[in-house]
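Asks: predicted structure and sequence below. I'll ask about it afterward.
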Amino acid sequence: MKCDLLSLADLDPEQVHDLMALAIELKAELAAGGNGPVLASKSLAMVFQKPSLRTRVSFEMGMQQLGGHALYIAPAEIDLGHRESVADVARVLARYVDGIMARVYAHDDVVQLARWASVPVINGLSDLVHPCQGLTDLLTIQEKLGRLRGVHLTYVGDGNNVLHSLLYAAALTGMKLTYATPAGYDPLPEVVSKASDLATATGATICAERDAKRAVRGTDVIYTDTWTSMGQEAEAAERRHVFPAYQVNDDLLSAAGSQAVVMHCLPAHRGEEITDAVADGERSWLFDQAENRLHAQKAVLVKLLRG
Ligand code: CP
Ligand code: NVA
């Protein structure tokens, strides 16, 4: 039976652990001279409704490094759900390729792609979640700190798709996640509730805060993301008024303590959610984190496409 990756909430702790282990193995293998062609003759269609740098390039290079092929399909080309229904696109693509990665607005579009495609579907970001980012973030923390269980991560900013996936990621691995979001910009209650359910099996804790400085005190990792996600551009001016108290800057880092490091899924809006000094500072993991998109997703590709 085919397997999809639509949300980390669909995985169990063992599956997450196995993906991390495989990502670490593939990364080491690449560094030692290259990966074997385990996806030779396999192809991945990459359907985009939104722009991308990391997702597009890391999936394409990942497929190439594993001996397979990736096909980029720009937003205007398929015009998912407008030129042709999602169900028809899924059934047609599945006749040509071995897997589909899709970046969509409505999460239900990726759910429908998975329902109608006879090949695995990977969510490359929807308005609801960003599972490939969440796996990457786990890989980065595991690599840098040598563990996940008990690590305290504090997310500061908008309660968006990236926070939703971090909630599931933390819950599945026994982390301590605190989020500080302004009123009206909290993560969806159903996501928090689902993450809390998952957390009971691992001992993870989830804590909500309003005050960013209080939230980061003593934390291991400060994480932030854009104040205005793709699709919310009309709210950008209003959001710029709401979020300044949630900027990750030197002042916030001082409130956290000298152990704290900084993560951001990128793209960064420098001067908004993060300052140049922090993004380019000694405690920034931003570019190692971006690199890990490649390694984490290669593990997903091998698990889902190798057959
Ligand atoms: N973090 C991330 O998904 O980046 P892109 O939007 O550039 O793919
Ligand atoms: N929350 C952001 C993440 C970008 C990778 C967005 O959805 O635009």
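Replies: In hand now; what should we look at? Remember, predicted model here, so these are calculated numbers, not experimental data. Ligands and ions are numbered 1, 2, ... in the order given.

Asks: read off the pLDDT value for the closest residue to ligand 1 within the stretch 201-307 of the chain.
Replies: Of all residues in the stretch 201-307 of the chain, the one sitting closest to ligand 1 is Cys265 (4.0 Å; C-beta to the nearest ligand atom). Every residue, glycine included, has its C-beta placed from N, CA and C. pLDDT for Cys265: 98.

Asks: now for it, how many residues are close by?
Replies: 26 (other C-beta atoms under 10 Å).

Asks: distance between the lowest-mean-pLDDT helix or strand in the chain and the chain's centre?
Replies: Sorting the helices and strands of the chain by mean pLDDT, DSSP states H and E puts helix 75-78 at the bottom, at a mean of 93. Relative to its chain's centre, helix 75-78 lies at 23 Å (C-alpha atoms, centre = their mean, to the nearest Å).

Asks: could you point out the helix or strand that follows it?
Replies: Beyond helix 75-78 in the direction of the C-terminus, DSSP states H and E gives the next helix or strand as helix 86-93.

Asks: other SSEs contacting that following helix?
Replies: strand 43-48, helix 107-116 (3 or more C-beta pairs under 8 Å, 6 or more residues apart in numbering; DSSP states H and E).

Asks: near ligand 2, which residues of the stretch 151-300 of the chain?
Replies: Counting by C-beta under 6 Å from any ligand atom, the stretch 151-300 of the chain comes close to ligand 2 at Asn160, Asn161, Val162, Asp225, Thr226, Ser229, Met230, Cys265.

Asks: 8 Å instead?
Replies: 158, 160-162, 225-226, 228-232, 265-267 (C-beta under 8 Å from any ligand atom).

Asks: can you show me the helices along the stretch 1-150 of the chain?
Replies: Applying DSSP state H, counting those that start in this stretch to the stretch 1-150 of the chain gives helices spanning 13-31, 54-65, 75-78, 86-93, 107-116, 131-145.

Asks: give me the pLDDT value at the spatially closest residue to Arg91 that is not a sequence neighbour.
Replies: Closest residue to Arg91 apart from its sequence neighbours, by C-beta to C-beta, 6 or more residues apart in numbering: Trp116 at 5.4 Å. Turning to Trp116, the model gives it a pLDDT of 98.

Asks: for the helix or strand hosting Cys207, which helices and strands make contact with it?
Replies: Cys207 belongs to strand 205-209 when assigned by DSSP H and E. Counting contacts by 3+ C-beta pairs under 8 Å, 6+ apart, strand 205-209 packs against helix 161-173, strand 176-180, helix 189-202.

Asks: follow-up on the earlier one: list the buried residues in the least confident helix or strand of the chain.
Replies: Ile78 (16 or more other C-beta atoms under 10 Å).

Asks: quick revisit: hey, which of the helices and strands packed on strand 205-209 is tucked in deepest?
Replies: helix 161-173 (a mean of 27; mean count of other C-beta atoms under 10 Å).

Asks: and that one, how far out from the chain middle?
Replies: Counting by C-alpha atoms, centre = their mean, helix 161-173 comes out at 9 Å from the chain centroid.

Asks: likewise stretch 56-71?
Replies: The answer for stretch 56-71 is 18 Å, by C-alpha atoms, centre = their mean.

Asks: for stretch 198-218, same thing?
Replies: For stretch 198-218, the distance to the chain centre is 19 Å (C-alpha atoms, centre = their mean).

Asks: give me the contact list for that stretch.
Replies: 9, 13, 149, 152, 154, 156, 167-168, 170-183, 186, 192, 195-196, 222, 245-246, 252, 255-257, 259-260 (C-beta atoms under 8 Å, 6 or more residues apart in numbering).
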